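# Fold the following, please.
(chains A and B)
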Amino acid sequence: MTQIAIIDSGGANIASLLFAFQRLQTKAILTSDADVIRNAPRVLLPGVGAAKDAMKRLTNAGLIDVIRELKQPVLGICLGMQLLCDGSEEEDVECLGIIPGTAEKLAATSDNPVPNMGWCSTNITAGHAVLKRIEDESFFYYLHSYALPISDNTLATASHAGEFSAVIGHRNFVAAQFHPERSSTAGAQLLRNFVGVGT
Amino acid sequence: MQFRNHRVVGDILELAERYCLEGADELVFYDITASPDGRSVDRSWVTGIAAVLDIPFCVAGGIKSVADAEDVLNKGADKISINSPALANPELITELARRFGSQCVVIGIDSREDHGNYFVYQNTGDPDKTSAAQRLTQHWVVEVQERGAGEIVLNCMNQDGVRSGYDTGQLETMRSLCKVPLVASGGAGGMAHFFDVFDVANVDGALAASVFHSAEINIGDLKHFLAAKNVSMRI
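Now for the predicted structure:
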C-alpha cells in the first residue's frame, strides 16, 4: 500500500487532508521526521497561514534540504505550493526554491475580493499524471491571498481578477493552489492520481 | 444547519452527506443555543463531519476564544464563524485572524432595519436574550474587515423565516462596503430569490436552511437553474 508522508508545517486543517486519504483508503501520516519523509513513497507538503511562519518551522525541523533532495513524487497544496517556489511577496520571504517563480499578492477588485475564498473554474493547460481523468474547467475550492504567476511550469490556470497558476509541475514536484481535499470529486481524483503516479 | 447539542449526530451526518451529494458548495453548522447559554460544547461531531465531507464547512456558535477556534479547526473544520462573542469582544476577531489567517475567520452579523437604519443584533439564538448591539451594521461591517475578518455572513432579520426573498437592498448596501466575500442569509423561499440576490446584490454566496431541510428546493436543481441564468456555478 502506498504511504503518504504529510509534512507537518504547522497550522491547523491537517485533519481534512488525513480524512481525504482515509476516504481513498490510503495510509497517510503527519510527520516532521526527516527519515520518515525521505523513505515515504509519496510526500505531501500542505500549509495554512503565513509563508514566513511555515518556512521558519521547516527550518527549525531541519527539513529544508530534506525536501529539496526528495526524489519521489511530491505534492504541495495551497501555501505548500508557494513554499516549493523561490519565494513570496508576503513579507518578502525566501522559500525552498525548487520550482521557479515567486508568489504575488492577488489584486482585489469590487468583483474579486481577497482572500479568494470559493470555487473557481480551472483550465487545464498541459498534460500531467495528476490531472488525468479531470475535466477541463472543473471547479476546485480555493482559499488564498497570494498566487504563483503563469510560467513554463504551469499545468492549469484559474482566474481571480487576473490569471494565476492553479497547478504547476517541475521534475518530481507538483503543486496545487486549491484544496483538493475540499474540492469534491475533482479534488478526490487529483489525490487518487497522485497516489497512483508511476504505479 | 441549525441544531442543538442534544440532537443525534447521525441526523446531522446524514443531512450533510445529502447536501454534499446534491452539490452544495459549502455547509455551515450552527449551534444556535451555544452563545446565549454560555455552556461548554461537545465538539466531537465536528470530526465526524470532517471525515465524510469533501467540500468546505464552517462551524458557527459557541466559539468565544482562540482556544475554542483552534479546537474546531483542529477537528477538521475549514472555517469558524463568530457572531455575539465578536460583539462582546471585537479584539477576538483580530486575535483569530492573526493566529489562523483571515481565510478561516467568518463574521456572522444579524442585522435588522429600524426607521431607515440597519442595526446589529446579538444573542439571536434565543429570542429572550436577543438584543440590539447599539451598532450600525455599516460600521460593524467596516470594523470587522479592519480587524481581519475574511468573510461576512449577513443575516437580514427582517427577512429571516419569512421566505419572501433576500433583503437585496440591504445586501447591496453592505456589498459596497465589503472588500471580503459577502454571503447573503435570511429570506430564501424560492429559486428566483437566489437569482435575485446574485443579480441585484452581487453577493459571493447565498445561504439558506429551511428550504433545503424541507426538501422544497433541491440544491442540484437550484444550481442548474442559476447556471442557466448565467450565474457562475460549480455543477
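
# residues from chain A in reach of chain B?
Within chain A, the positions near chain B by Cβ under 8 Å from any Cβ of the partner chain are A:11-13, A:15-16, A:19-20, A:22-23, A:48-50, A:108, A:110-111, A:113-115, A:117-119, A:121, A:139, A:141, A:143-145, A:179, A:181-185, A:187-188. Yep, even glycine has a C-beta here, placed from its N, CA and C like the rest.

# which regions of chain B sit below the pLDDT cut-off?
Counting by pLDDT under 70, the ranges of chain B that qualify are B:1-10, B:32-41.

# And the strands in it?
Using DSSP state E, the strands of chain B run over B:2-3, B:27-31, B:57-60, B:79-82, B:105-114, B:117-122, B:131-136, B:151-156, B:182-185, B:205-207.

# sorry, back to before: quick check: ChimeraX command selecting the buried ones in the residues of chain A next to chain B.
Buried members of these, defined by 16 or more other Cβ atoms under 10 Å in any protein chain shown, are picked up in ChimeraX with:
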select /A:11,12,13,15,16,19,20,48,49,50,108,113,114,115,117,118,119,121,139,141,143,144,145,179,181,182,183,184,187,188
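
# so how far is chain A from the residue nearest to the spatial centre of chain B?
For chain B, the residue nearest the mean C-alpha position is B:Val153 (4.7 Å; Cα atoms, centre = their mean). Going from B:Val153 to chain A by Cβ to the nearest Cβ, to the nearest Å gives 12 Å.

# Contact partners for that residue?
The contact partners of B:Val153, by Cβ atoms under 8 Å, 6 or more residues apart in numbering or on different chains, come to B:28, B:81, B:106-109, B:183, B:185, B:207.

# With distance to chain A and neighbour count added, can I get these in JSON lines?
Below are these laid out as JSON lines (distance: Cβ to the nearest Cβ, whole Å; neighbours: other Cβ atoms under 10 Å in any protein chain shown):
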{"residue": "B:Val28", "distance to chain A": "13", "neighbour count": "22"}
{"residue": "B:Ser81", "distance to chain A": "13", "neighbour count": "25"}
{"residue": "B:Val106", "distance to chain A": "9", "neighbour count": "27"}
{"residue": "B:Ile107", "distance to chain A": "13", "neighbour count": "26"}
{"residue": "B:Gly108", "distance to chain A": "15", "neighbour count": "24"}
{"residue": "B:Ile109", "distance to chain A": "16", "neighbour count": "27"}
{"residue": "B:Val183", "distance to chain A": "10", "neighbour count": "24"}
{"residue": "B:Ser185", "distance to chain A": "16", "neighbour count": "27"}
{"residue": "B:Leu207", "distance to chain A": "13", "neighbour count": "20"}
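
# Those residues into JSON lines, with extra columns for distance to A:Glu104?
As requested, the contacts of B:Val153 are arranged in JSON lines below (distance: Cβ to Cβ, whole Å):
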{"residue": "B:Val28", "distance to A:Glu104": "31"}
{"residue": "B:Ser81", "distance to A:Glu104": "29"}
{"residue": "B:Val106", "distance to A:Glu104": "25"}
{"residue": "B:Ile107", "distance to A:Glu104": "27"}
{"residue": "B:Gly108", "distance to A:Glu104": "31"}
{"residue": "B:Ile109", "distance to A:Glu104": "31"}
{"residue": "B:Val183", "distance to A:Glu104": "27"}
{"residue": "B:Ser185", "distance to A:Glu104": "33"}
{"residue": "B:Leu207", "distance to A:Glu104": "31"}
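
# For the residue of chain A most remote from its centre, give me its contacts.
In chain A, counting by Cα atoms, centre = their mean, A:Ser110 sits farthest out from the average C-alpha position, at 27.4 Å. Each residue near A:Ser110 by Cβ under 8 Å, 6+ apart is listed here: B:Ser176.

# And the residue sitting nearest the centre point of chain A, its phi and psi?
Chain A has A:Ile77 as the residue nearest its centroid, 1.9 Å off, counting by Cα atoms, centre = their mean. When read as degrees, to the nearest 10, the backbone of A:Ile77 gives phi -130, psi 130.

# what's across from it in the sheet?
On the basis of DSSP bridges, A:Ile77 is bridged to A:Ala176.

# Thought A:Ala175 was touching it, still the case?
Yes: counting by Cβ atoms under 8 Å, A:Ile77 touches A:Ala175, with 7.1 Å between them.

# Find the residues that touch each one of those two.
Counting by Cβ under 8 Å, 6+ apart, the common neighbours of A:Ile77 and A:Ala175 are A:Leu45.

# Quick check: which helices or strands does the biggest helix by length in chain B pack against?
Using DSSP state H, we find that the single longest helix of chain B is helix B:9-22. When contacts are defined as 3 or more Cβ pairs under 8 Å, 6 or more residues apart in numbering or on different chains; DSSP states H and E, helix B:9-22 sits against strand B:27-31, helix B:44-52, helix B:219-228.

# can you tell which of those is closest to A:Phe164?
For the helices and strands packed on helix B:9-22, the distance to A:Phe164 is smallest for helix B:219-228, at 23.9 Å, taking Cβ to Cβ.

# Can you give me the buried ones in that closest one?
Buried positions in helix B:219-228, judged by neighbour count with 16+ other Cβ under 10 Å: B:219, B:222-223, B:225-226.

# Just give me the closest of those to chain A.
B:Lys223 (10.8 Å; Cβ to the nearest Cβ).

# what's near enough to touch the closest residue to that closest one other than its chain neighbours?
In space, B:Lys223 comes closest to B:Met233 once its chain neighbours are excluded; the distance is 5.0 Å by Cβ to Cβ, 6 or more residues apart in numbering or on different chains. Going by Cβ under 8 Å, 6+ apart, B:Met233 touches B:223, B:226-227.
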